[in-house]
Every structure is written in C-alpha cells, then in structure tokens.
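make a model of this:
(one chain, ligands or ions: 1)
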Amino acid sequence: MFIWFMYQMEEEIRSQSTSVRNAWESAHRKSSEIQDMASGAMGFVVSGSGTSFNASLFLSLLLNDSGRPAVPVAPSEVGTYIRSLGRNAIYVFFSQSGESRDTVRAAREAAESGARIISFTNSQESTLSKLSDLEIYLSVGPEKAVAATKSFTAMLMASLEFCSAIQGSCSEAVMRKVAASVGQVVGQAENLQVVSADNYIFLGSGYSYVTAREAALKLRETASVRTEAFIAQEFEHGYIQVAGSKDAVVTFSEDQVTARIREECTSFGAQVLDGSLGSQVIRGFDYPERCVLEIIPWQLYAMRLAQSRGLNPDRPDRLTKVLR
Ligand SMILES: N[C@@H]1[C@@H](O)[C@H](O)[C@@H](COP(=O)(O)O)O[C@@H]1O
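From the prediction side, this is the model:
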C-alpha cells in the first residue's frame, strides 16, 4: 500500500522499524572482522559531525562501559589524538553521507598516519568508505530530509551490535525488541502537543545526554528554535542562572539532581517536560538500548514544531544535508 506523507522527514521517521534492523544486520555480518580489528587496540577515537557526533558519543559510552577506552572527538580535533596516540588507537568515523568535509579530512589524516579506520556510513561509494579499513554500511536507504532521523537510530543500533561483536556476543534479541516497539512509540507520539517556548533546554546524563543533545539538534535544525543540551549537573553550574519562565526544560535523567532541577525550574515558571513524553513503551526499556527509541518522539516533535511555526522541516534555509 502506498502512503503519502507531507514531509520526507515523516516518512523517514516512520521507517525506523525497518532501518534499525537493516543497520543491525550490516554490523552483524561484520562481527568477525570487528573482533579481529578491535583485538589489541589500545583504545578508540570516535568522531563525526552534527548528528554523527551524537552517535560517536553513544559508541564511546558503550566502549568505555565494556572496558575499552574510547573518546568522542569533533572531527576538527582528531589531529590532536593522532599526534598523541598514533597507530595505537583505532579511529572510528560516523557519517551518513560519508562526505562531510571535516570528517573526511580527519579520516584522511588518520589514514596517512597509518592508523586503522572503521566507518559507519550510509553510502558505500563515499570518500569515507574508501578511506576505511572496515566499513559498517547502515543500509537505511536514501535519507533526504536535511535533519538526520533514521540514520541516527541506525548508527545507534549498529553501535550496539559493534560492541557485542567485540565482546563475542550478539545483540539480536535487543534489536528485535527495539524494532518491534518503534511503531508503538510513533503511535503514542501521534497526537503530541507542542508547547510554546523561546528556548528549549534538554538535560540528560550518561546515555540520556546523547538523547538530550540529539533532541536539541533536531529542534534547532528543523524548527529554528534556540535549544541547549546539558549534562544535568552541569546545568546547575551556570545556565540555571539565565533560564526563565519562557523556557521549556526537558529532562531525560531520573536521578535526585534532576528532580531538584525540575522543582527549581517549575518554581521560576519554566515549563518542565518529561523526556519520554509520557511513553510507557520507552519507559519499559533500559539504557543504552532505550536511546534508540527515546529520540523518536522528539524527531516527531521537531517536525510538528516546525509546522506550527510555518516552516518546512525538510529544508532549513541555512543548512545543507552534506557540508562538503
Ligand atoms: N546539517 C547536516 C547535519 O544534519 C548532519 O548531522 C551533519 C553530518 O552529516 P554526515 O552524517 O553526513 O557526516 O551534516 C550537516 O551539517
């Protein structure tokens, strides 16, 4: 059956139950190569731009949690690590297009130093793929809306399997559970109401900071609203001073610090929202896999907020899909 969507972004958001499976399968097919390459590596330098940086942060957390030192770095800073770690590290690059200029430049520098490169891309013919010793192809089909949606969740799912492969295990059961829940998460977010705010502040910690950053980026890119993302405790070290009654504060973490921040923000009149937007399905998942689902309502939220502001979420006027 052919269903017509007003925006490419909506079609891409709704296709994620399939795209996360595809990405997982691609990573799974490379399990033994991943294991071979990772054995003996001193650590990982993980990099990407925009949404791909947020995926880098996710993979770095996963690697560190499994006892493999990893650092997430913006592509323009990778050179510093090449100079200090050289070929002892593996350099991992995320890029939907495989063509973002800063990412390609960093990968080229790493390749010229003789270091090994792993990439996660959605284009097998890309410059980044050609520079890579091992490519994990996301296989999510063309992503046309400027803001990344399905490629992001694909990067997270492929990262989960990447880490399982390093540990000699397999994340298939997790993937099946997550993929089966995408439709329900989208359904629950169907009637979400956007709030009116001058500024959105997203707070998380650990894995939920990845979601906080990506949600902030989605709203910025598509709805042209000012957004910030903080590690919840950091918010108390400064930004709380300038937050006010015209702000929306969205919390993903559920610890005591966050509860205190929520109370304080409510007291000065900010609108405080729960990051799961009330979804019991999302709340039924633990981190790290929860990240794959948790961003989906915010992808839809960003699209609806853009619509309510008379903007086309697919085509922000100052951004391009690929910054070559
Ligand atoms: N506006 C886009 C972002 O939405 C995207 O996240 C980034 C990285 O793209 P890629 O993943 O293709 O390297 O590039 C551009 O800046």
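
which bits of the stretch 101-250 of the chain sit near the ligand?
T103, V146, A147, A148, E221 (CB under 6 Å from any ligand atom). In this view, the C-beta of every residue, glycine as well, is placed from N, C-alpha and C.

the second one: neighbouring residues, count only.
Okay, so that is V146. By other CB atoms under 10 Å, 19 other residues sit near V146.

how about it, what does it touch?
Residues near V146 by CB atoms under 8 Å, 6 or more residues apart in numbering: E221, T222, D314, R315, P316, L319, T320, K321.

domains of the protein?
Here the domain parsing of the chain from automatic domain parsing is 8-170, 187-308.

any chance of those in JSON lines, plus mean pLDDT?
Shown next, in JSON lines, are the domains of the chain (pLDDT from 0 to 100):
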{"stretch": "domain 8-170", "mean pLDDT": "96"}
{"stretch": "domain 187-308", "mean pLDDT": "95"}
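
among these, which is nearest A180?
domain 8-170 (7.3 Å; CB to CB).

turn the domains of the chain into a markdown table, including distance to A180.
As requested, those are exported to a markdown table (distance: least, CB to CB, whole Å):
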| stretch | distance to A180 |
| --- | --- |
| domain 8-170 | 7 |
| domain 187-308 | 10 |
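
for the ligand, what's its nearest residue on the stretch 151-300 of the chain.
Closest to the ligand within the stretch 151-300 of the chain is E221: 5.8 Å, counting by CB to the nearest ligand atom.

and K321, helix, strand or coil?
coil (DSSP: H, G, I helix; E, B strand; the rest coil).

number of nearby residues for it?
17.

ok, the contacts of V146 vs the ligand, which is closest?
For the contacts of V146, the nearest to the ligand is L319 (4.3 Å; CB to the nearest ligand atom).

what sits against the closest one?
L319 neighbours (CB under 8 Å, 6+ apart): V146, E221.

show me where the stretch 201-324 of the chain has strands.
Under the criterion DSSP state E, counting those that start in this stretch, strands of the stretch 201-324 of the chain are mapped to 226-231, 247-251, 271-274.

tabulate these (a markdown table), appending distance to R262 and mean neighbour count.
As requested, these are arranged in a markdown table below (distance: least, CB to CB, whole Å; neighbours: other CB atoms under 10 Å):
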| stretch | distance to R262 | mean neighbour count |
| --- | --- | --- |
| strand 226-231 | 14 | 20 |
| strand 247-251 | 6 | 24 |
| strand 271-274 | 5 | 16 |
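
for V92, give its distance to P142.
Separation of V92 from P142 (CB to CB, to the nearest Å): 24 Å.

between these two, point out the one with more neighbours.
V92 (29 against 8).

wait, a strand at that one?
Yes: counting by three-state DSSP, V92 is found in a strand.

specify the beta-bridge partners of it.
V46, I118 (DSSP bridges).

so what's the residue count around D286?
9.

shouldn't the residue of the stretch 151-300 of the chain closest to the ligand be in contact with Q299?
No: E221 sits out of contact with Q299 when judged by CB atoms under 8 Å, with a separation of 10.7 Å.

in terms of packing, which of those two has more residues around it?
The residue with more neighbours, out of E221 and Q299, is Q299; 30 against 22, by other CB under 10 Å.
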